[in-house]
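S.K.: Got a predicted model here, sequence first, then my questions.
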Amino acid sequence: METIEFSRWKVDCDSEATRAAYALIRQGAPEVCGCLHCRNFVAARSQVYGPQVLALFDRLGVNSEREAEVYHNARVAPALHSYGGWFHVVGTLVSGADGKQRVADDVWTFDYQPAAPRFSLGFTVDSQLVPGPFKELNLVQLEFSAEVPWVLDDPDTE
């Protein structure tokens, strides 16, 4: 286990166990879904995670092409869209207020920190959509929000 710090969070992470679990996952959620917005996310992925974020992912053992979930929120400007998503990390949240709080049934607030231009992330103990290789492991969920350019030739839709 290694303690990794980002902003207000400290995560005890088993990066080798995290890498081993990701090695068993064939595709990320946006590839599995294949809808127009997910196809755009995949096509723009190289612009989503900046070098600092990729360095953090590497330390955590996260495969940047194996998101457990990606979702489209809205178009925020011409050719720019708001997305969210998350990854799983084998470990425990040692300190720092949870980045996701339930305020009512199916209503959440998010308190992420900027990690790169147009990209914020946070850690939560509320793991959702856990893929098979991660089941039964102690997990922390790394959630993100990002403004992603529209790069497909398909029309830039709401």
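M.R.: Okay, I see it.
S.K.: Tell me the secondary structure of Asp154, please.
M.R.: Secondary structure assignment for Asp154 (DSSP: H, G, I helix; E, B strand; the rest coil): coil.
S.K.: Hmm, Leu36 and it touching each other?
M.R.: Yes - using C-beta atoms under 8 Å, Asp154 is in contact with Leu36, at 6.0 Å. Glycine gets a C-beta too; all of them are placed from N, C-alpha and C.
S.K.: all helices of the protein, in order?
M.R.: 15-23, 29-33, 36-48, 51-60 (DSSP state H).
S.K.: how about these in CSV, adding mean neighbour count, distance to Arg66 and mean pLDDT?
M.R.: CSV is the format used below for the helices of the chain (neighbours: other C-beta atoms under 10 Å; distance: least, C-beta to C-beta, whole Å; pLDDT from 0 to 100):
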stretch, mean neighbour count, distance to Arg66, mean pLDDT
helix 15-23, 18, 5, 97
helix 29-33, 18, 8, 96
helix 36-48, 18, 11, 95
helix 51-60, 16, 10, 96
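S.K.: Which one of those helices lies nearest to Ser145?
M.R.: Of all the helices of the chain, it is helix 36-48 that lies closest to Ser145, at 10.7 Å by C-beta to C-beta.
S.K.: Show me the contact partners of the closest one.
M.R.: 28-31, 64-65, 70, 72, 81, 83, 119, 146, 148-152, 154, 157 (C-beta atoms under 8 Å, 6 or more residues apart in numbering).
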